[in-house]
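Chemist: Curious how this folds, go ahead:
(2 chains)
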Amino acid sequence: MTESAQDGEYDAWLDSIESDDGYYLECSNGHGWLPPRRVCPRCHDQDLSEVGLPESGEIASHTTITVPTPQFEDDAPYVTAIADFGPVSVTGLVRDVDPEDVATGDVVGIDVGERVTTGERAVVFRPR
Amino acid sequence: MSDPRIAGASVTHFGKHPERTGRDLFAEAGLEALSQSGIDPDDAEALYYGNFMGELAEHQGHQGPLMAEAIGLDVPATRVEAACASAGTAVREAVKTIRNGEAEVVVVGGAERMTNIGTAAATDALAIAADDLYEVRAGMTFPGAYALMARSYFDQYGGSHEDLAHIAVKNHEHALVNEHAQIQKEITVEDATEAPTIASPLGLYDSCPITDGAAAAVLTTESYAEEHDLDAPVAITGTGQGGDNLALQDRPHLAQTPAADKAAEEAYEDAGVGPDDVDFAEVHDCFTIAEVFAIESLGFYERGEGIAAARNGETTRDGDRPINLSGGLKAKGHPVGATGVAQLATVAWLLDGSHPRADAVPDSTVGVAHNAGGTVASTTVHVMEVQE
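Modeler: Just a heads-up that it's a prediction; the model follows:
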């Protein structure tokens, strides 16, 4: 089986999360984004620097998905959420909690896990 | 500058057509639109064609010239892709081409073949309208994305799944007389609230179906229409398009659609009308919550007030401003690349009195079509008016 190519800075970003050294990119005006970025889409600033990602975030919205794509067939039902980490928000899978118990405002930490169906890496949130 | 007149329009039946290719579906719609227009096909000068998932569903790229050939045209042909707003964006290109004097007759259309690949593969194909790295890999599906937006709306403004159910009930009822519609079946609020969940809080009846179908329209100048004595009373008087961050996580609001705000503002200004002048609208209700976002962005309701419009009967066919008299994407169906032109055709038919639901808006003069791509990262709005 041929090994998949790395997706540049995205995989490097996952590596940083896995090694508890997660970061985001911040422009001179304090707008936060996830890599890869060459420019801040909000203010056009190209002076982006890496800033440490806060250890915990807060769930802004969530959904329990019961009709998945084939890449998540064996994962379903699963919870996908957007969590706010200060200047940046991240989309990930919520694990280690009953889907019925996930709520807006829940505090979560960020990690990297594997999809049940494919074994590929994915952003995972766990309750804190 | 001439506002384009709609000289002819056609849509195929929307639904499951397992034996029919995309090119066959588009040929049906395109040839009928040309025939209705009364225009000699040799006078057509360009084709703009919307399609989203042709590579995945039919292993077919480069569909512009293929579809021109399918309707017997030898013209420059361009496929336009903006996810579910592909056809609306194609309309915008056609309008600009006529307005800037490059052509007097332009064919615009779209088609999508979706049911042949099955629900799982179609869900996968639709998902690629989202950000692959940060959304699709986190399990985001299209219903899932709108579910995140719906929950955020409920948290911010209030509203419930039962409010959304009233939108589904309304659009199913509207589609009952639409022979092109995929679903002609009345449902109750209880049917909708008790249906299986797809992505909480959205259930089966909050979601539009997976659909095969095509639509086409022939646009021309006012002078060409007069010179050739065409019956083309409806003009596209305003066009607008807006954009937003592709990924939901990068947006300041999950419960608003600023791309549609921008498109509506531009289209209204272009036409010289405002929300109060609009008699009815066909909006992009791929999910029930999407209709709420649309009618708020179009300025018909303040933020947080659109959720109750269907429940209050304001957007039903006997309400003050009917929304989705065709049945909308929800009941009419959503062959992704065709939807924007199907909306254009519906608005034209409602304005000229030939649509089976035209009796709901008998004296109307202004209609609007709102076509959204992805989680509203692309949106077009077109204003159509009856000309004297």
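
Chemist: Show me what from chain A comes close to chain B.
Modeler: Counting by C-beta under 8 Å from any C-beta of the partner chain, chain A comes close to chain B at A:7, A:10, A:33-34, A:41, A:60-73, A:75, A:78, A:80-82, A:88-93, A:104, A:115, A:120, A:122-123. Every residue, glycine included, has its C-beta placed from N, CA and C.

Chemist: Give me the buried subset of the residues you listed.
Modeler: With neighbours counted by 16 or more other C-beta atoms under 10 Å in any protein chain shown, the residues of chain A next to chain B contain buried members at A:10, A:33-34, A:60-69, A:71-72, A:75, A:78, A:80-82, A:88-93, A:115, A:122-123.

Chemist: in chain B, which spans are helices?
Modeler: For chain B, the helices defined by DSSP state H occupy B:22-37, B:54-58, B:63-70, B:86-99, B:118-127, B:142-157, B:161-175, B:189-194, B:222-227, B:258-271, B:288-297, B:328-332, B:339-352.

Chemist: Flag the helix or strand of chain A with the lowest per-element mean pLDDT.
Modeler: None of the helices or strands of chain A scores lower by mean pLDDT, DSSP states H and E than helix A:8-18, at a mean of 94.

Chemist: hmm, who's touching that helix?
Modeler: By C-beta atoms under 8 Å, 6 or more residues apart in numbering or on different chains, the residues outside helix A:8-18 that reach it are A:6, A:22-23, A:34-36, A:53, A:110-112, A:121, A:123, B:133-134.

Chemist: from those, which ones fall inside strands?
Modeler: Taking DSSP state E, the ones among the contacts of helix A:8-18 that sit in strands are A:23, A:110-112, A:121, A:123.

Chemist: Show me the two of the residues you listed that sit farthest apart.
Modeler: The span of those, defined through C-beta to C-beta, is set by A:23 and A:121 at 16.9 Å.

Chemist: hang on, isn't residue B:233 packed against residue B:365?
Modeler: No - with contact defined as C-beta atoms under 8 Å, residue B:233 does not reach residue B:365; the gap is 10.3 Å.

Chemist: Tell me the buried residues within the ones in strands among the contacts of helix A:8-18.
Modeler: A:23, A:110-112, A:121, A:123.

Chemist: helices and strands around the longest strand seen in chain A, which ones?
Modeler: Identified as the longest strand of chain A according to DSSP E is strand A:56-65. Counting contacts by 3 or more C-beta pairs under 8 Å, 6 or more residues apart in numbering or on different chains; DSSP states H and E, strand A:56-65 packs against strand A:78-85, strand A:88-94, strand A:107-114, helix B:142-157, strand B:197-199.

Chemist: could you dump stretch B:35-44 to PDB, C-alpha only?
Modeler: In PDB, the C-alpha atoms belonging to stretch B:35-44 read as follows (Å, rounded to 0.1, in the frame of the first residue of the first chain):
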ATOM      1  CA  SER B  35     -38.200  25.900 -28.400                       C
ATOM      2  CA  GLN B  36     -40.300  28.000 -26.000                       C
ATOM      3  CA  SER B  37     -38.300  31.100 -26.600                       C
ATOM      4  CA  GLY B  38     -39.100  31.200 -30.300                       C
ATOM      5  CA  ILE B  39     -35.400  32.100 -31.000                       C
ATOM      6  CA  ASP B  40     -33.500  30.500 -33.800                       C
ATOM      7  CA  PRO B  41     -30.700  28.400 -32.100                       C
ATOM      8  CA  ASP B  42     -28.200  29.900 -34.600                       C
ATOM      9  CA  ASP B  43     -28.700  33.200 -32.900                       C
ATOM     10  CA  ALA B  44     -27.400  31.900 -29.500                       C
END
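
Chemist: what mean pLDDT does that stretch have?
Modeler: For stretch B:35-44, the mean per-residue pLDDT is 98.

Chemist: Check which residues of it are buried.
Modeler: Under 16+ other C-beta under 10 Å, the buried positions of stretch B:35-44 are B:36-37, B:39, B:41, B:44.

Chemist: just to revisit the earlier point, which one, of the helices and strands packed on strand A:56-65, ends up nearest to residue A:48?
Modeler: Distance to residue A:48, taken as C-beta to C-beta, is lowest for strand A:88-94 among the helices and strands packed on strand A:56-65, at 12.0 Å.

Chemist: Name the residues of chain B found near chain A, please.
Modeler: With C-beta under 8 Å from any C-beta as the criterion, chain B comes near chain A at residues B:119-121, B:123-124, B:127, B:133-141, B:143-144, B:147-149, B:151-152, B:155, B:196-202, B:245, B:247-250, B:254.

Chemist: Just the buried subset of the residues you listed, written out for ChimeraX, thanks.
Modeler: Only the buried entries of the residues of chain B next to chain A go into this ChimeraX selection, using 16+ other C-beta under 10 Å:
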select /B:121,123,124,127,133,134,135,136,137,138,139,140,141,143,144,147,148,149,151,152,197,198,199,200,201,202,245,247,248,249,250,254
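
Chemist: hmm, back to that, please produce CSV containing the helices and strands packed on strand A:56-65, extended by mean pLDDT.
Modeler: Shown next, in CSV, are these (pLDDT from 0 to 100):
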stretch, mean pLDDT
strand A:78-85, 98
strand A:88-94, 98
strand A:107-114, 98
helix B:142-157, 97
strand B:197-199, 97
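
Chemist: Figure out which of those is closest to residue B:385.
Modeler: helix B:142-157 (31.3 Å).

Chemist: Run the angle between the helix-or-strand element of chain B with minimal mean pLDDT and strand A:56-65 for me.
Modeler: Here the helix or strand of chain B ranked lowest by mean pLDDT, DSSP H and E is helix B:118-127, holding a mean of 92. Relative orientation of helix B:118-127 and strand A:56-65, computed by axes from the mean of the first three to the mean of the last three C-alpha atoms, to 10 degrees: 140 degrees.

Chemist: Point out the other helices and strands that helix B:118-127 packs with.
Modeler: Here helix B:118-127 touches helix B:54-58, helix B:142-157, going by 3+ C-beta pairs under 8 Å, 6+ apart.

Chemist: can you redo the ones you listed as JSON lines with distance to residue B:81?
Modeler: Formatted as JSON lines, these follow (distance: least, C-beta to C-beta, whole Å):
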{"stretch": "helix B:54-58", "distance to residue B:81": "9"}
{"stretch": "helix B:142-157", "distance to residue B:81": "16"}
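
Chemist: pretty sure residue A:67 is touching residue B:202, no?
Modeler: No - look at residue A:67 against residue B:202 with C-beta under 8 Å: they stay out of range, at 10.1 Å.

Chemist: rewinding a little: need the residues touching each of residue B:233 and residue B:365.
Modeler: Contacts common to residue B:233 and residue B:365, judged by C-beta under 8 Å, 6+ apart, are B:351, B:386.

Chemist: how many other residues sit next to residue 98?
Modeler: Since no chain was named, I'll use chain A. 8 (other C-beta atoms under 10 Å in any protein chain shown).

Chemist: other chain: chain B
Modeler: Neighbours of residue B:98 (other C-beta under 10 Å): 27.
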